[in-house]
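*Asks:* this one's structure only:
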């Protein structure tokens, strides 16, 4: 067994050499091993082809190519590898020891490679210096979990260095801002093809906050920013805490840039220190404009325009006016957001909207006022309470008078809302990893045309996102949504029921076309809905990407006795990366279309489908 050290400022390339090149021989006892994967062989060939040379006028020598290959193999954990030059006439026989021949391009040579066994990490531990405190014990426990996680992993140099960085980052994130690491001990056993690593770290003092300094707040009082940050004097300055403050202020929408950093920490003694929290803001202009459009062959065209005013109440508030002109829906509305109203991240939203919606099932004129109050529940979850008043006039096809007592219904809905959301995805707009879930209860009372009808809606939805390494920037996404309508009355207007179909539901079918129908083929809506989608997304070249997808939905029957209906569609899409979100063009095919339905539908919009 031999001992080596990793210097403090090592980088990946130097680390490869330090972990094995100075003290590993080629004559180690051969161990049983699996054949190298194609990706490793390809990487080896590239490393040898691009070997460094002493002069840019000369090609690398055979010895330089062999050294480059050895270093690459050691970076993959093959510390007993050997490479010999061969010839086309006598390329040497690889034999039964896992050897193989590498032929480089442009006459750069033929080489016999014997990689030997791939070494594995059998032990990794972290030694932290300093007086034992609760915070230090907690840190030691967390980094020990990181070290255990790499045991039995291949002894790749990048894995060794990544773990070192993760350990130091964990210390700084836990409040030990001045932490630094020392030389790590790397013990390599050639006989067993194993590696043991001991990382060493000096945590330094635990840093706590003193004051909060704010710069760049011209439209918002600094006192409000300090209250919204809600970091008190004496609180341990953890990395997650600083990130939370930054995200909280960024999510108000009133700032185009938010930086939360620390002043130079000052050590009070060996175990404690202090620093100021510095919040640097870049405020948005007092007014912004945006516009967008969506189009599909069945849903028609939708044009959106929005303008937002910031800091009207000098508290990072946002007043937004929006307008939509569309084939199916046209509306005007306004909303006002008051972030961190009574406590950090507790946001109040007030809204008022008016509009008209025209579908095959009904025509609705709507005026709405309401408000919601959002309370954070941890870093990734929130609980929303809301109330609303909707005043509507709903017209249904004349044929449906046999189901409803009137063709035109005037009424009002008094609605309450309780919603729980959790988002563990890596991106709000274009997620590639993680999951989301949402559940909500909407108790309501409809009052109109001499009737009072209590009802409620239950909705549960979720989605998951998983990278697909086999595809370039590949992502597999899936979603599921379920809803149920609680009511014993068949007189509830159709627009309160569940429908499916269209670009945000099951692509390939017209908007609200899936669900029970009457004898005249008019949509009736249902008391339940279950929707699901799967989609594979990947890049093809530059900003262009592709997607394939399948959607399905089942809308449950109403009390009138009509049957439930299940429909599915499949399709393919083209994506163009706009930066934050893709431009999406989907072509969808219904798998069970009705007579007269087109064989395919086309959808054009921005952002992922879910």
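*Replies:* All right, it came through fine. If you're wondering where the values come from, they're calculated on a predicted model, not measured in any experiment. Residues are numbered from 1 along each chain as shown.
*Asks:* alpha carbons only for contacts and neighbour counts from here, please
*Replies:* Noted.
*Asks:* tell me the contacts of the residue lying closest to residue 334 once chain neighbours are set aside?
*Replies:* Nearest in space to residue 334, with sequence neighbours left out and distances taken as Cα to Cα, 6 or more residues apart in numbering, is residue 321 at 4.4 Å. Shown in contact with residue 321 (Cα atoms under 8 Å, 6 or more residues apart in numbering): 306-308, 332-335.
*Asks:* Could you identify which of the residues you listed has the most neighbours?
*Replies:* Using other Cα atoms under 10 Å as the neighbour criterion, residue 308 leads the contacts of residue 321 with 20 neighbours.
*Asks:* Within the helices and strands, which one has the residue lying closest to it once chain neighbours are set aside?
*Replies:* Excluding the flanking residues, the one nearest residue 308 by Cα to Cα, 6+ apart is residue 320, at 4.3 Å. Secondary-structure assignment from DSSP states H and E places residue 320 in strand 318-326.
*Asks:* can you list contacts of stretch 508-517?
*Replies:* Contacts for stretch 508-517 (Cα under 8 Å, 6+ apart): 298-299, 359-361, 499-503, 523-526, 553-558, 562-567, 569-571, 587-590, 593, 600-602.
*Asks:* Repeat that for stretch 217-236.
*Replies:* By Cα under 8 Å, 6+ apart, stretch 217-236 touches 175, 206-212, 214, 245, 248-249, 281-283, 311, 314-316, 340, 343-345.
*Asks:* Can I get the buried part of these as one ChimeraX selection?
*Replies:* Applying 16 or more other Cα atoms under 10 Å to the contacts of stretch 217-236, the buried members can be selected in ChimeraX as follows:
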select :175,206,207,208,209,210,211,212,214,245,248,249,281,283,311,315,316,340,344,345
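*Asks:* which residues does residue 289 contact?
*Replies:* Residue 289 neighbours (Cα under 8 Å, 6+ apart): 305-308.
*Asks:* May I see the residues you listed organised as CSV, with distance to residue 439 and pLDDT added?
*Replies:* Formatted as CSV, those follow (distance: Cα to Cα, whole Å; pLDDT from 0 to 100):
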residue, distance to residue 439, pLDDT
305, 30, 96
306, 28, 96
307, 30, 96
308, 29, 95
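*Asks:* Assign residue 48 to helix, strand or coil.
*Replies:* What DSSP: H, G, I helix; E, B strand; the rest coil gives for residue 48 is helix.
*Asks:* Adjust the sequence numbering to begin at 33 for everything that follows.
*Replies:* Got it, first residue is 33 now, which makes that one residue 80.
*Asks:* give the contact list for it.
*Replies:* Residues in contact with residue 80 (Cα under 8 Å, 6+ apart) are 97-98, 100-101, 136.
*Asks:* 7 Å - rerun?
*Replies:* By Cα atoms under 7 Å, 6 or more residues apart in numbering, residue 80 lies in contact with 97-98, 100-101.
*Asks:* which residues in the stretch 83-232 of the chain form strands?
*Replies:* Ranges of strands in the stretch 83-232 of the chain, per DSSP state E, counting those that start in this stretch, are 114-118, 132-135, 142-146, 152-160, 212-221, 226-234.
*Asks:* Just name the most buried of the ones you listed.
*Replies:* The highest mean neighbour count among these, using mean count of other Cα atoms under 10 Å, belongs to strand 142-146: a mean of 21.
*Asks:* Does anything pack onto that strand? Which helices or strands?
*Replies:* In terms of contacts (3 or more Cα pairs under 7 Å, 6 or more residues apart in numbering; DSSP states H and E), strand 142-146 is packed against strand 114-118, strand 132-135.
*Asks:* who wins for proximity to residue 218 among the ones you listed?
*Replies:* Smallest distance to residue 218 across the helices and strands packed on strand 142-146 (Cα to Cα): 21.5 Å, for strand 114-118.
*Asks:* The most centrally placed residue in the chain: what's it in contact with?
*Replies:* Centroid check for the chain by Cα atoms, centre = their mean gives residue 458 as the closest residue, at 2.2 Å. Residue 458 is in contact with 464-466, counting by Cα under 7 Å, 6+ apart.
*Asks:* Can you tell me which of the residues you listed is nearest residue 418?
*Replies:* For these, the residue nearest residue 418 by Cα to Cα is residue 466; the value is 27.7 Å.
*Asks:* and the closest one, how many neighbours does it have?
*Replies:* Other residues close to residue 466 by other Cα under 10 Å number 16.
*Asks:* And for residue 503?
*Replies:* Around residue 503 there are 13 other residues, counting by other Cα under 10 Å.
*Asks:* That one against residue 570, yeah?
*Replies:* Yes - at 6.1 Å, residue 503 counts as touching residue 570 under the criterion of Cα atoms under 7 Å.
*Asks:* chain center to the lengthiest strand in the chain, what's the gap?
*Replies:* The single longest strand within the chain, with elements called by DSSP state E, is strand 483-500. The chain centre lies 21 Å from the centre of strand 483-500; the measure is Cα atoms, centre = their mean, to the nearest Å.
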